[in-house]
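**Student:** Need coordinates for the below:
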Amino acid sequence: MSHFDIIVIGAGPGGYAAALLASQRGKTVALIEKEHLGGTCLNWGCIPTKLYLGATAPLEGLHAQSRLRLCSGSIAVDMPALKKRKGAFVSATHKAMSSRLEKDGVALIRGAAELTGATTLRVADESVRELSFSALVIATGSSSNWFPGLEPDHERILDSTDLLDLEEAPESLAVIGAGAIGLEMADFWNRLGTRIDLVEAAPRIAPAEDEEIAQTLHGILKRKKWNIVTGKRVAGIVNEGDAVLTRLEDGTEIRSAKALVAVGRKPNTAGLGLGTAGIDTRGGGWIATDDCLLAAPNIYAIGDVNGRTLLAHAAEHQGHYAVRHALGESTAPYEPGPMPGCIYGSIEVMRAGATAAELMAAGTPVQVSRANLGANPISQAHGQAQGLVKAVWSDGVLRGLSAVGYGASHLVTLAEIMVRDGWTRATAHEHIFAHPTLDESLRDALTAPLEDK
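**Tutor:** Numbers count the residues shown, from 1 in each chain. Got it, this is the predicted structure:
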């Protein structure tokens, strides 16, 4: 039986980062992966969608200038070529990751891992290997989920992976679920001329975001002629052969060429043998962890699989912490701070820290201030005069920043720093904001009149 100081299960962003850091600390490390390096993020999620959105961003920009009567003409996207570029990029990244692991001395083991005890596991592929560890990091991630009656058939009723593999734009697309995945996929195909029907069971689209931000996004997308239905559940989806029929709970019917089911995620914990190591799960299989991300003595669960925050950068941050904690470099409980997050596309959303509603629900006194992102000269230059930046305050200290509008994702790192460092209104005047930049809208939001909530 081979022994390693640290074994990591899952080579997504969190597991990969954890394995590299542990190796750089001089430990013997094994990284177990049963499928592709990079996890959902690289292969079917963050990276492919951004490649698609990036490739078609010029279309959106030209359409915006066309609406201002500053240009005219047409341009076509070669979808087979774009799909080929996506494949080449992902493949090249696989090779680069594999090379980095080898250079850093990480043993990459292919196969499915199953715990056999508190400090042992087996890996099954073409053969079976027995391994032992001093510390284990479980980073197996999550995968697409759907409710009964909404299962993809991978022909016309699709999941996000299926949709990324299409080689031509469908005439129409019904998107079930208006979270980040649904909104970004809808935006990409709409750029290519696809008519969008967007259905969200929650009272608003982007339900995890600030209500005012979500409402502003709703209005912008309506002006793009999206058919948006909120507050209604889907009763069923049927492939009728030449179209998809989506039936809502109130009897409303939507017919489309394709449908995307993007209603949530489920943890990849099946077959891990968690019980043999005394690991508990909750809900639909999410691994329960303590304040130090421990699921059992010397066994950590990081990233999507613990259900805390389903974001690639959250997984990477947790992976680094788990290794440092395992090595005794950190003893304090895990504290992520104001987690940044974005929804990408022609109109973007970003948030760092709390929303006003979250603070009010906790009984915290709240004030807000806001700036019109549409008045920003960079937004104007790109023909996107819409959107806002919203600051949330408590006792004179910045607790959250949100934005919706052109290029909002580019504000997220500075926003995270502002919230993490507890900026006050005076702090905003202590820094020079280059002009003209989108960043100025953050300063404008911080120094705008306050409104009690």
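**Student:** Tell me, how many residues neighbour the nearest residue to residue 200 once chain neighbours are set aside?
**Tutor:** Spatially, and ignoring its direct neighbours in sequence, residue 200 is nearest to residue 178 (3.7 Å; Cβ to Cβ, 6 or more residues apart in numbering). C-beta coordinates here come from the backbone N, C-alpha and C atoms, glycine included. Around residue 178 there are 28 other residues, counting by other Cβ atoms under 10 Å.
**Student:** Also residue 413?
**Tutor:** Neighbour count of residue 413, defined by other Cβ under 10 Å: 12.
**Student:** same thing with residue 151?
**Tutor:** Neighbour tally, residue 151, other Cβ under 10 Å: 12.
**Student:** same thing with residue 136?
**Tutor:** 30.
**Student:** In contact with the residue nearest to it when sequence neighbours are not counted, which residues are there?
**Tutor:** Once flanking residues are discounted, residue 136 sits nearest to residue 299: 4.6 Å by Cβ to Cβ, 6+ apart. When contacts are counted by Cβ atoms under 8 Å, 6 or more residues apart in numbering, residue 299 touches 118, 135-138, 277, 279.
**Student:** ok, now residue 101?
**Tutor:** 16, 19-20, 31, 108.
**Student:** switch to 7 Å and redo it
**Tutor:** By Cβ atoms under 7 Å, 6 or more residues apart in numbering, the contact list for residue 101 reads 19, 31, 108.
**Student:** Can you name the helix or strand that it falls in?
**Tutor:** According to DSSP states H and E, residue 101 maps onto helix 79-103.
**Student:** Give me the buried positions along stretch 76-86.
**Tutor:** By neighbour count with 16 or more other Cβ atoms under 10 Å, stretch 76-86 contains the buried residues 77, 82-83, 86.
**Student:** With adjacent residues omitted, what lies nearest to the residue of the chain positioned farthest from its centre?
**Tutor:** Within the chain, residue 1 marks the point farthest from the mean C-alpha position, 38.0 Å out by Cα atoms, centre = their mean. Counting by Cβ to Cβ, 6+ apart, residue 130 is the residue found nearest to residue 1 once chain neighbours are left out, at 4.5 Å.
**Student:** Specify the beta-bridge partners of that neighbour.
**Tutor:** residue 122 (DSSP bridges).
**Student:** isn't it right up against residue 119?
**Tutor:** No: Residue 130 lies out of contact with residue 119 (Cβ atoms under 7 Å); the separation is 11.6 Å.
**Student:** which of those two has more neighbours?
**Tutor:** residue 119 (18 against 11).
**Student:** Now that one: closest residue in space that isn't a chain neighbour?
**Tutor:** Nearest one to residue 119, counting by Cβ to Cβ, 6+ apart, is residue 132 at 5.5 Å.
**Student:** Can you name the residues that contact the one you found?
**Tutor:** Per Cβ under 7 Å, 6+ apart, neighbours of residue 132: 1, 3, 119-120.
**Student:** Just those: which are in strands?
**Tutor:** Within the contacts of residue 132, residues falling in strands by DSSP state E are 3, 120.
**Student:** Now the two most distant members of the contacts of residue 132.
**Tutor:** 1 and 119 (10.4 Å; Cβ to Cβ).
**Student:** before we move on, the earlier item: three-state assignment of the residue nearest to residue 200?
**Tutor:** Following DSSP: H, G, I helix; E, B strand; the rest coil, we place residue 178 in the coil state.
**Student:** separation between residue 169 and residue 189?
**Tutor:** 6 Å (Cβ to Cβ, to the nearest Å).
**Student:** between these two, which one's more packed in?
**Tutor:** Taking neighbours as other Cβ under 10 Å, residue 169 and residue 189 compare with residue 189 leading, 22 against 18.
**Student:** if I pick the more buried one, what's in contact with it?
**Tutor:** So residue 189 contacts 169, 173 (Cβ under 7 Å, 6+ apart).
**Student:** What about the nearest residue to residue 14 once chain neighbours are set aside, how many residues nearby?
**Tutor:** The shortest distance from residue 14 to any non-neighbouring residue, by Cβ to Cβ, 6+ apart, is to residue 315 (3.0 Å). Using other Cβ under 10 Å, residue 315 has 29 other residues around it.
**Student:** these two touch, right, residue 302 and residue 136?
**Tutor:** No: applying Cβ under 7 Å, one finds residue 302 not in contact with residue 136, separated by 10.9 Å.
**Student:** Show residues contacting the lowest-mean-pLDDT helix or strand in the chain.
**Tutor:** The element with the least model confidence among the helices and strands of the chain, by mean pLDDT, DSSP states H and E, is helix 46-67, at a mean of 89. Outside of helix 46-67, the residues within contact range by Cβ under 7 Å, 6+ apart are 41, 71-72, 75, 77, 82, 85-86, 89-90, 164, 184-185, 187-188, 191-192, 312, 344-346, 382-384.
**Student:** Return the members of these classed as buried.
**Tutor:** Buried among the contacts of helix 46-67 (16+ other Cβ under 10 Å): 41, 77, 82, 86, 90, 164, 184-185, 187-188, 191-192, 312, 344-346, 382-384.
**Student:** Looking at those residues, which are in helices?
**Tutor:** Taking DSSP state H, the ones among those that sit in helices are 41, 82, 86, 90, 164, 184-185, 187-188, 191, 312.
**Student:** Show me how far stretch 176-185 is from its chain's centre.
**Tutor:** 11 Å (Cα atoms, centre = their mean, to the nearest Å).
**Student:** Alright, I will stop here.
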